[in-house]
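Peer 1: what follows is a protein structure lacking sequence information:
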């Protein structure tokens with residue numbers, strides 16, 4: 001079994017923003033742009049927002 005030395009003072013496992021690990025040409029960016037372009041109120045979609 002191998003041992004990986006890490007930093008116990010590290011605050012997060014993943015980068016703080018998604019852009020740090022999603023490539024600039026990744027297809028998921030097209031989906032994100034499409035969803036952002038939708039008018040949710042006009043489509044009469046009810047959204048529940050977190051209170052956090």
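Peer 2: That came through fine. Given the structure is predicted, the values throughout are model-derived calculations rather than measurements.

Peer 1: would you check how far apart residue 22 and residue 32 are?
Peer 2: Residue 22 sits 9 Å away from residue 32 when distances are taken as CB to CB, to the nearest Å. (C-beta placed from N, C-alpha, C; glycine too.)

Peer 1: same check on residue 12?
Peer 2: In terms of CB to CB, residue 12 sits 22 Å off from residue 32.

Peer 1: and those two? which has more neighbours close in?
Peer 2: Each of residue 12 and residue 32 has its neighbours counted (other CB atoms under 10 Å); residue 32 has more, 13 against 6.

Peer 1: which phi and psi does the more buried one have?
Peer 2: phi -60, psi -50 (degrees, to the nearest 10).

Peer 1: quick one: pLDDT of it?
Peer 2: Looking at residue 32, its pLDDT reads 86.

Peer 1: ok, the most centrally placed residue in the chain to residue 32 distance?
Peer 2: Centroid-nearest residue in the chain, with CA atoms, centre = their mean: residue 18, separated by 4.6 Å. Separation of residue 18 from residue 32 (CB to CB) stands at 9 Å.

Peer 1: where does the protein dip in pLDDT?
Peer 2: For the chain, the stretches flagged by pLDDT under 70 are 1, 3-4, 52.

Peer 1: what about the helices in it?
Peer 2: Taking DSSP state H to define them, one finds helices in the chain at 28-37.

Peer 1: which residues of it fall in strands?
Peer 2: Remark: no strands are assigned in the chain by DSSP state E.

Peer 1: list the contacts of the residue nearest to the centre of the chain.
Peer 2: Residue 18 sits next to no residue when contact means CB atoms under 8 Å, 6 or more residues apart in numbering.
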